[in-house]
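A.B. asks: Build the 3D model from these lines:
(one chain, ligands or ions: 2)
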Amino acid sequence: MRGASPGHRFQQPRHPPVRPFSRSPRAGAATIRVFGNTHGLKAHHVKQLGRLAERRLPANRLLTHDFARQLTELSREIRRQVGVLVDRAGTVTHVMVGDHRSIALPDWGRMRAGRGRLRGVRCIHTHLSDEGLSQDDLTDLAKLRLDAMVSVAADEEGLPGRAFTAALLPANREGSGIQQLPALPPSQIDLDFEDWIRALEEELARSAPVHEVGGGERALLVAVTGARREEEFEYSLEELRELARSAGVAVVDVLTQHRPQVDPRTVIGAGKLQELVIRCFQQDVDLVIFDENLSPSQARNLAERLDLRVIDRTQLILDIFAQRASTRDGKLQVELAQLRYLLPRLAQRDTSLSRLAGGIGGRGPGETKLEMDRRRVRDRIARLERELNALKRQRQGRRARRTRRGLPILSIVGYANAGKSTLLGALTRTRAHAADKMFATLDPASRRLRFPREREVIVTDTVGFIRDLPPELMTAFRATLEELREADLFLHVVDCSHDFERRIAAVRRVLGEIGLAGTPELLVFNKIDRLPPGAGRALAERHGAVAVSALGGAGLEALLERAEAMLPEAHFDEGAAWWPQPVAVGGGSE
Ligand SMILES: Nc1nc2c(ncn2[C@@H]2O[C@H](COP(=O)(O)OP(=O)(O)OP(=O)(O)O)[C@@H](O)[C@H]2O)c(=O)[nH]1
Ligand SMILES: [Mg+2]
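C.D. replies: Ligands and ions are numbered 1, 2, ... in the order given. This is a model prediction of the structure:
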């Protein structure tokens, strides 16, 4: 199995089998078909391939000379690789034919073997030279959780040469996660296969990772340095962890690769991909999350190579949004974003589509929606856009009324999880939904806040920003972001305990992109309680910011003073008690 182009390896054979072969002598029992391209083969060769399905191996033998010889003779004659899948009873379950350098295994789809378990099937196939197992062979071994992968060299006379055998190893053993048995001619293999496979299964089961009850799906994160500097890369990975946690996913492993450019087909290189497949097996991973945004073809290639659900950063964020959306507006916007993301990925329907679009816990656009073809997706997008526009007009009406009341608007903006909702709650002495999660808030909320005397302002809280905000989300949330247009002042909340300079820049970039770079901004360095005493204030001073702890209440007075001073016509009588009187106004999207 070498040199096959990754694109076609695991797809269903393009050429349907010539005809199904009935497995005699128990004719009428299971029907076996030959996988692979039988085009151009003579009829008697096709028949011989079918006959391989009638062979049996003794249950305690990995491979016998006679069995191997039948494969190698045929393989040499037709100059193509020939292979079979054999179950633990020694019965041939599948027959495959490839070309002279490669062979494709049937696609099981996502039928899972038990946790930490093998699938109870081994692959025995020929090579036309004595070169040993290829990297693709080893990847298949892990991807399909085979009992073993065996290649037998067919010599010039069609006789079996050496057989190369590999099997998976549990995570607690040293090395690559794969064991290779000594390469021997089949006649010299004296392994008791039944004993050997039982021992291996037991060891795998013992070392299988412990699953916490209700621990959520198990994810493995993958990140490639690319052109990024080390520090930037680390932060990005950390953020991906935070996002995964916010999505309710348990991160069980992280795989990183240092390479200046991502592989155009599979993002990570071939060797790393193999390592990934094996780790996914060892860690019982449910899904793989890439830090890089994947092109539709990369996502498809990876899902095929891994036989697992593969999502990227954008889809992870979309998933979080889908989990959080509670208002009608929010739900429509999220669905719109999901469909926009999905549309280019529907270009070619294939078996891996469900893997691409599944979302966490199946919260992507549901399976039934996936059945929709592109045209129906487009129709749905158009309808969502119409509905959202209608809602937008309603909102504009409300806004107009609000503006007529002439209340200045303070909009709290900032990076996801910076403490915006906590600040809104602290300023207005109301409870706002805050949580240690990215994107806890999706829907805008407004509260009225009374400054001293009769001066009132409206404070709004909204969805957090993130670097490289997925464009699908940007467009879908345009309506929500539009609200920010009304703001007389931005309270730009910053979690000063954490990577803040890059995050400030990311927020300003988004504001710039929606044309709001000109709105006055007051930087609010939040969470100073996380820094040593005095450090937060000093840091804030250096950046012209006010230092606060929204949680503890420190610095809020100074914040209001600064905010007042920056508001237009903010003329307050000297000496007045400045502390605002909270005025309860309904939360939710006003
Ligand atoms: N230590 C500390 N934690 C804070 C402070 N302010 C907020 N937090 C915590 O930070 C986390 C996020 O707070 P939120 O108010 O939900 O942040 P947000 O910016 O609204 O988050 P999103 O809506 O997800 O963008 C919560 O766990 C808060 O308790 C603070 O001043 N100090
Ligand atoms: Mg919030």
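A.B. asks: So which other helices or strands are in contact with the host helix or strand of L255?
C.D. replies: If you go by DSSP states H and E, L255 is part of strand 250-257. Packed against strand 250-257, as judged by 3 or more Cβ pairs under 8 Å, 6 or more residues apart in numbering; DSSP states H and E, are the following elements: strand 218-224, helix 230-246, helix 270-282. For every residue, glycine as well, the C-beta is placed using N, CA and C.
A.B. asks: What strands line up against that strand, and which way round?
C.D. replies: strand 218-224 (parallel) (DSSP bridges).
A.B. asks: angle of the strand it pairs with against helix 230-246?
C.D. replies: Between strand 218-224 and helix 230-246, the angle formed by their directions is 160 degrees, by axes from the mean of the first three to the mean of the last three Cα atoms, to 10 degrees.
A.B. asks: Can you list the buried residues in strand 218-224?
C.D. replies: Along strand 218-224, these residues count as buried under the neighbour rule (16 or more other Cβ atoms under 10 Å): R218, A219, L220, L221, V222, A223, V224.
A.B. asks: State the number of residues packed around the closest residue to D307 other than its chain neighbours.
C.D. replies: Distances taken as Cβ to Cβ, 6 or more residues apart in numbering place K143 nearest to D307, at 4.9 Å, with adjacent residues excluded. Residues lying near K143 (other Cβ atoms under 10 Å) number 25.
A.B. asks: What is the longest helix that the chain contains packed up against?
C.D. replies: The single longest helix within the chain, with elements called by DSSP state H, is helix 374-404. Contacts of helix 374-404 with other secondary structure elements, assessed using 3+ Cβ pairs under 8 Å, 6+ apart, are made with helix 328-342, helix 478-482.
A.B. asks: tell me the angle of that helix relative to helix 328-342?
C.D. replies: Using the same axes, to 10 degrees: helix 374-404 against helix 328-342 is 140 degrees.
A.B. asks: how far out from the middle of the chain is the helix or strand just after helix 374-404?
C.D. replies: Next in sequence after helix 374-404, counting helices and strands by DSSP H and E, comes strand 409-414. Relative to the mean C-alpha coordinate of its chain, strand 409-414 is positioned 31 Å out (Cα atoms, centre = their mean, to the nearest Å).
A.B. asks: Strand 409-414 close to ligand 2?
C.D. replies: No - between strand 409-414 and ligand 2, judged by Cβ under 5 Å from the ion, nothing touches; the nearest distance is 8.6 Å.
A.B. asks: Next up, the contacts around N172.
C.D. replies: S207 (Cβ atoms under 8 Å, 6 or more residues apart in numbering).
A.B. asks: can you rerun that using 10 Å?
C.D. replies: By Cβ atoms under 10 Å, 6 or more residues apart in numbering, the contact set of N172 is E203, R206, S207, Q282.
A.B. asks: Repeat that for A219.
C.D. replies: Remark: with contacts taken as Cβ under 10 Å, 6+ apart, A219 is in contact with 240-241, 244-245, 247, 249-254, 283, 285-289, 309, 311, 316, 360.
A.B. asks: same thing but 6 Å
C.D. replies: Taking Cβ atoms under 6 Å, 6 or more residues apart in numbering as the definition of contact, the neighbours of A219 are A244, V249, V251, L287, I289.
A.B. asks: Between which two of those residues is the distance greatest?
C.D. replies: Greatest spatial distance in the contacts of A219: V251 and L287, 10.7 Å, computed using Cβ to Cβ.
A.B. asks: what about the two, which has more around it?
C.D. replies: Ranked by neighbour count (other Cβ under 10 Å), V251 and L287 place L287 first, with 22 against 17.
A.B. asks: what about the more buried one, distance to ligand 2?
C.D. replies: Distance from L287 to ligand 2, counting by Cβ to the ion, to the nearest Å: 26 Å.
A.B. asks: So which residues of the stretch 401-550 of the chain form helices?
C.D. replies: Along the stretch 401-550 of the chain, the segments classed as helices by DSSP state H, counting those that start in this stretch run 420-428, 471-476, 478-482, 500-513, 535-542.
A.B. asks: What parts of the chain come near ligand 1?
C.D. replies: Contacts of the chain with ligand 1, taken as Cβ under 6 Å from any ligand atom, map to 414, 416-422, 434-441, 464, 526-527, 529-530, 549-551.
A.B. asks: The spatially most central residue of the chain bridge partners, please.
C.D. replies: A centroid search over the chain (Cα atoms, centre = their mean) returns I311, at 2.4 Å, as the residue closest to the centre. With DSSP bridges applied, I311 shows beta-bridge pairing to I289.
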